[in-house]
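Engineer: Here's a sequence, model it:
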Amino acid sequence: MSATPLLEAEGLRVYRGGTQVLDIPRLEVPEQGVLALIGPNGSGKTSLLLALARLLEADAGRIRFRGRELASARENFAYRRRVTMVFQEPLLFDTTVRGNLEAGLRLQGLPRAERARRVEESAARFGISHLLDRSARKLSGGESQRASLARAFALEPDLIFLDEPFSTLDPPSKEALHLEFGRVLRETGTAAVLATHDRAEALGLADTLAVMREGRIVQVGGVDEVINHPSDEWVAAFVGMETLLRGTVKSCGRGTVVLDVLGRELEALGEGEVGQELRLGVRPEHVTLHLHRDADSSARNLVPGVVMRIIPRGPYFKVELDCGFFLAAYVTARSREELDLREGRELVASFKATAVHLLRG
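Structural biologist: Below is the predicted model:
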C-alpha cells in the first residue's frame, strides 16, 4: 500500500438487525490506481463501498481523506464533492445525455463555459460525443453505462467508487469499456475502488486486490501477490488456484522442499520439516502438457496423468487430469489439436518448483 494513502479506514463496523455485516480493522486506498474489492455475493463488497463513500453510516470506525478524519458534517460534505459513485444500473435522469453530464456540475455552481468544457471532454473520452443531444431513455445498455461513467469523470473527482458497473454488459461491450475506463483513469490520475465478483475483471483492471469473505478482508495486496501467493486455501480457490493438494515433507534444503503427494514426489520453493504436512496449490496456467516424459522441459516436476475432462474457457481449454491426484491445466486450441487431447489420453504434466505455492494459513 502507499505510504501516503488517499483514503484510510480504521475499525469500520456495520451492523444490521443486530448482526455484524462489516468488520474492517484497516484498509488503505492508494493515491492512484484501482483497488478492487473481490469476493462472492454477500461478502460485504457493496456495504464496504457504500461505507467508504459515506453513503452508508458505519456503526463504528474512522475514515480519513488525505490524512484528515471525516468527523463533522462539514468535512463529510467537502469529501462528497471530491468523490463520486457509479452503480451497477446506470441511474440517468430523464433528459438528454448532455443534461445528465451537466447535472452534477450545475449543483457545484460551475460557470456555463466550464460546464461545457468538461461535458465535451468527458463525452469524448468515452466515445459518446455524438449522443450528447439524445434522450437518455433511448440509449443502449452500453451507451447508458458510458454516459454514467462520463458524468462521473466530468466532476473531476479525486476518487471514484464503482459497484459492479460492467456486470450487465455483453462481453464485447464489457471488454471495450474496460479498456476505455483504464485509459481514462491513467489520463486523469483518478483513484478508483471497484467492487466486483468477476475475477477476470478485477485482474484486468486492478493494481491492488482486497479479497472479502463474510464482511471481512481476508487478504489484501498487489495482484501478483494475491493471485500467486494466496494467504489460505479459501483465497487460493477463489482466485483460481484450482489444484489444491496436501503433502508430507520428505526432504528439505537450500530453500526447497520435496513432498510426497499421494505417492508422487513434488518439489516446491519454501521451508518445512521432514514429516510435516503442508497444503499446496498450483495455478492451471503454470502447468504444461507433453506427450512424453522425456519432453524438453526445465521444470522440476514431471508427473504422468490421464485426461478426465476438457472444458472450454473462452479462448482456452481447461484440462482436468488424474495424476494420482487432481491437476488442472490451461491449453490453447492449437495445443489441444497438437496433443490430440481427448478423455482417456495419457500425457505428462510439468510445472516448476516456483509454481507450487505452499499454503500455511
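Engineer: And the longest strand seen in the chain, what does it pack against?
Structural biologist: Taking DSSP state E as the criterion, the chain has its longest strand at strand 301-313. If you count contacts as 3 or more CB pairs under 8 Å, 6 or more residues apart in numbering; DSSP states H and E, strand 301-313 packs onto strand 264-269, strand 316-322, strand 326-332, strand 346-351. C-beta coordinates here come from the backbone N, C-alpha and C atoms, glycine included.
Engineer: For stretch 312-321, which outside residues touch it?
Structural biologist: Here stretch 312-321 makes contact (CB atoms under 8 Å, 6 or more residues apart in numbering) with 242, 284, 289, 305-311, 326-333, 336, 341, 347, 349.
Engineer: buried residues in it?
Structural biologist: For stretch 312-321, the neighbour count (16 or more other CB atoms under 10 Å) marks Tyr316, Phe317, Val319, Glu320, Leu321 as buried.
Engineer: between those, which is nearest Gly61?
Structural biologist: Within the buried residues of stretch 312-321, proximity to Gly61 (CB to CB) peaks at Tyr316, which comes in at 42.3 Å.
Engineer: how near is the closest one to Ala202?
Structural biologist: 18 Å (CB to CB, to the nearest Å).
Engineer: same question, Glu214
Structural biologist: As judged by CB to CB, Glu214 and Ala202 stand 19 Å apart.
Engineer: Gly255 too?
Structural biologist: Counting by CB to CB - Gly255 and Ala202 are separated by 31 Å.
Engineer: So between the two, which is more surrounded?
Structural biologist: Counted by other CB atoms under 10 Å, Gly255 and Ala202 do not tie: Ala202 has more neighbours, with 26 against 10.
Engineer: what secondary structure does that one sit in?
Structural biologist: Here Ala202 is recorded as helix under DSSP: H, G, I helix; E, B strand; the rest coil.
Engineer: and of the helices and strands packed on strand 301-313, who's closest to Ile160?
Structural biologist: Between Ile160 and these, the tightest spacing by CB to CB is seen for strand 316-322, at 31.9 Å.
Engineer: one step back: going by distance to Glu265, which of the buried residues of stretch 312-321 wins?
Structural biologist: Leu321 (16.8 Å).
Engineer: Apart from its neighbours in sequence, what residue is nearest that closest one?
Structural biologist: In space, and not counting its chain neighbours, Leu321 is closest to Gly305: 3.7 Å by CB to CB, 6 or more residues apart in numbering.
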